[in-house]
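>>> From the sequence below, what's the structure:
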Amino acid sequence: MTPETVGPLSRLIDVMKIPPRGQDVHVEATAEECAALAQDFGLPGIQSLSGDYHLKTSAKGIHVTGVVKASITQICVMTLDPFDSAIEEEVEVDFAEPSGMPAEPPTDINEYEPPDEIVNGQIDLGALTAEFLALGLDPYPRKPGVDFNYRDPSDEKDSPFAALNKLREGK
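Next comes the predicted model:
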């Protein structure tokens, strides 16, 4: 894992230092990291971003559960106005050494989710936090209270199709 592949938010955890009972880890993005991620994701702003995780060793590697929370500013696809929203994403991910990963997925590919890689004995909870923020973003954000009201053009008298409707009705 090299710095240029990590991204703006990185919190490396040495998997060999995780105690047998597990470990709780809190990730909090700095203002600079939030600004860099906002730019990466095309958002006007990220006010806060955090992840709370529980890491547990397993026979396969490391099992990570937790939650990612963020306070962000998005642009409404209807009004193009900026608005603030909150994101909360549940996290459940397995990490394994590349040598311990199965060569072939099980026969039912729909249920197979390969583990993420443990790289150089470390997992990156910062990158995981950014990944789950990205997964929680609405691709078509709508400001609260804004609704799409479809109007049938044939209901409008001044519609460009009003003359065609008259011709059609006359036949």
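>>> Number of residues surrounding residue 124?
Residue crowding around residue 124 was assessed by other C-beta atoms under 10 Å; the count is 23. For glycine as for every other residue, the C-beta is placed from the backbone atoms N, C-alpha and C.
>>> all strands of the protein, in order?
Taking DSSP state E, the strands of the chain run over residues 12-14, 23-28, 45-57, 62-75, 82-96, 116-117, 122-124.
>>> So for residue 34, which of those sits nearest?
With C-beta to C-beta as the measure, strand 45-57 is the member of those nearest residue 34 (4.0 Å).
>>> What strands flank that closest one, and is each parallel or antiparallel?
If you go by DSSP bridges, strand 45-57 pairs up with strand 23-28 (antiparallel), strand 62-75 (antiparallel).
>>> any idea of the angle the last one forms with strand 82-96?
Orientation of strand 62-75 against strand 82-96 (axes from the mean of the first three to the mean of the last three C-alpha atoms, to 10 degrees) gives an angle of 160 degrees.
>>> what's the spacing between the spatially most central residue of the chain and residue 31?
Of all residues in the chain, the one closest to the mean position by C-alpha atoms, centre = their mean is residue 135, 1.9 Å from it. Residue 135 is 23 Å from residue 31, where distance means C-beta to C-beta, to the nearest Å.
>>> for this protein, what are the low-confidence residue spans?
Along the chain, segments meeting pLDDT under 70 span 1-6, 100-112, 148-162, 170-171.
>>> cutoff 80 now
Low-confidence segments of the chain (pLDDT under 80): 1-6, 99-113, 146-171.
>>> I'd say residue 87 and residue 70 touch.
Yes. Under the criterion of C-beta atoms under 8 Å, residue 87 is in contact with residue 70, at a separation of 4.5 Å.
>>> just to revisit the earlier point, of the strands of the chain, which is nearest residue 145?
Evaluated with C-beta to C-beta, these place strand 82-96 nearest to residue 145, the distance being 9.6 Å.
>>> Check which strands are paired with that closest one and give the direction for each one.
The strands that strand 82-96 pairs with in its sheet are strand 62-75 (antiparallel), strand 116-117 (parallel) (by DSSP bridges).
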